[in-house]
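In: Fold the following.
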Amino acid sequence: MHVQFYTKKGCHLCDEAESMMKLVQEDYPLTWSTIDIETDDESHEKYMMMIPVIEKDGDVLLYGSIGYIDLVDLFENV
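Out: Residues are numbered from 1 along each chain as shown. Below is the predicted model:
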């Protein structure tokens, strides 16, 4: 599964979410493209109050405090 990961520098929740994504990646086929919302006006306006955001095909899958189990559930419920 390839997703878009919306983040920004200095975001503690974003750092934690990315760490969880790396852990999940050890057991599941997860890849992502990182998008810094501060370099993209449209993304900034859309997600500034939600980051971190994991999106696939235009649908928000997870946002805010993203834990390991939240990510595993994405694969278990597919």
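In: Enumerate every residue touching the closest residue to residue 35 other than its chain neighbours.
Out: For residue 35, ignoring the flanking residues on the chain, the nearest one in space by Cβ to Cβ, 6 or more residues apart in numbering is residue 6 at 5.1 Å. Every residue, glycine included, has its C-beta placed from N, CA and C. Going by Cβ atoms under 8 Å, 6 or more residues apart in numbering, residue 6 touches 35, 37, 43, 47, 50-55.
In: list the contacts for residue 14?
Out: Contacts of residue 14 (Cβ under 8 Å, 6+ apart): 7-8, 51-52.
In: one more time with 10 Å, if that's ok
Out: Neighbour list for residue 14: 5-8, 34, 36-37, 51-53, 66 [criterion: Cβ atoms under 10 Å, 6 or more residues apart in numbering].
In: circling back to that earlier point, let's test this: mean pLDDT of the one helix or strand the residue nearest to residue 35 maps to, rounded?
Out: Using DSSP states H and E, residue 6 falls within strand 2-7. Here strand 2-7 scores 96 as its mean pLDDT.
In: Counting neighbours, which bits of it end up buried?
Out: 3-7 (16 or more other Cβ atoms under 10 Å).
In: now do stretch 44-62
Out: 47, 51-55, 61-62.
In: Same question for stretch 70-78.
Out: Residues 70-72, 74 are the ones in stretch 70-78 that count as buried (16+ other Cβ under 10 Å).
In: In helices, which of those fall?
Out: 70-72, 74 (DSSP state H).
In: okay, those residues in JSON lines with distance to residue 26 and pLDDT next?
Out: JSON lines is the format used below for those (distance: Cβ to Cβ, whole Å; pLDDT from 0 to 100):
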{"residue": "70", "distance to residue 26": "16", "pLDDT": "94"}
{"residue": "71", "distance to residue 26": "11", "pLDDT": "94"}
{"residue": "72", "distance to residue 26": "11", "pLDDT": "94"}
{"residue": "74", "distance to residue 26": "15", "pLDDT": "87"}
